[in-house]
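Undergrad: Sequence and predicted structure below; questions after.
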Amino acid sequence: SQTIHQWPATLVQPVGSPLSLECTVEGTSNPNLYWYRQAAGRGLQLLFYSVGIGQISSEVPQNLSASRPQDRQFILSSKKLLLSDSGFYLCAWSVSWGRDQPQHFGDGTRLSIL
Amino acid sequence: SQQGEEDPQALSIQEGENATMNCSYKTSINNLQWYRQNSGRGLVHLILIRSNEREKHSGRLRVTLDTSKKSSSLLITASRAADTASYFCATYQGGSEKLVFGKGTKLTVNP
């Protein structure tokens, strides 16, 4: 069966510090991968998605970046965090073909910027 | 841009009652999906209904889709305290791989 791992679960970082959040998927090949951010009490905002290794599509201009160095690894990064980067970050995957497919989410990373 | 909009934003009911949540969307769709999110956790896929389907059941869940009104409803029958969560509808935007979520309905089931 397929599983998705996301870490860390919580993170407290000072303004201006770098960020690296990691997500890995097991049990499937060539998944579509997604990074979302969810503000408190709000819906999900798609940040990045990837349909293959090295292929990243950015949805929102900001100081975050994403990379996909391996087929089932998706990394969210920042060189300098802003207060506005606080939120709940979710990684998800779906099968690579067709849009009649659900997305499967990790348990998220709660990021607090001080 | 927002594709799905859930209504109501919050719903509080007693255990055993039915809970109905609605979703409206703007553009034509291939399918509409419902997800559940427990507090502080990731989203869990509940059910997918295709545009040529009008109703779908899964356990205590019943989903309807009215493409003429661009709306869907999620009914949870005989609710339990464990159903307390936020519920989101989602649709794919245009021809892209982007699944767009609404802002969700926060359901509280009181024991």
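TA: Received the coordinates, thanks.

Undergrad: what's the span of stretch A:103-114 from first residue to last?
TA: End-to-end distance for stretch A:103-114: 32 Å, by Cα to Cα, to the nearest Å.

Undergrad: how about the residues of chain B that lie near chain A?
TA: Within chain B, the positions adjacent to chain A are B:2, B:30-31, B:33, B:40-45, B:48, B:50, B:88, B:90, B:92, B:97-104, B:106 by Cβ under 8 Å from any Cβ of the partner chain. C-beta: built from backbone N, CA, C; applies to glycine.

Undergrad: Which strand residues bridge the most centrally placed residue in chain A?
TA: Chain A has A:W35 as the residue nearest its centroid, 2.9 Å off, counting by Cα atoms, centre = their mean. Beta bridges link A:W35 to A:F48, A:C91, judged by DSSP bridges.

Undergrad: Check it and give its pLDDT.
TA: In this model, A:W35 is scored at 96, pLDDT.

Undergrad: do the same with the one 3 residues further on
TA: Per-residue confidence at A:Q38 stands at 93 (pLDDT).

Undergrad: tally of neighbours for it?
TA: 21 (other Cβ atoms under 10 Å in any protein chain shown).

Undergrad: Same question for B:S68.
TA: Neighbour count for B:S68, taken as other Cβ under 10 Å: 5.

Undergrad: where's it, which helix or strand?
TA: B:S68 belongs to no helix or strand when assigned by DSSP states H and E.

Undergrad: gap between it and B:R60?
TA: 27 Å (Cβ to Cβ, to the nearest Å).

Undergrad: Look up how far A:W35 lies from the residue nearest to A:L83 when sequence neighbours are not counted.
TA: The shortest distance from A:L83 to any non-neighbouring residue, by Cβ to Cβ, 6 or more residues apart in numbering or on different chains, is to A:I113 (5.2 Å). Note on A:I113: its distance to A:W35, by Cβ to Cβ, is 17 Å.

Undergrad: Check A:R110 too.
TA: Look at A:R110 and A:W35: by Cβ to Cβ, they are 15 Å apart.

Undergrad: repeat for B:G59
TA: Distance from B:G59 to A:W35, by Cβ to Cβ: 31 Å.

Undergrad: now B:L65
TA: 29 Å.

Undergrad: bridging residues for residue 11?
TA: Since you didn't name a chain, this refers to chain A. A:L111.

Undergrad: My question was about chain B, not that one.
TA: Beta-bridge partners, per DSSP bridges, of B:L11: B:L107.
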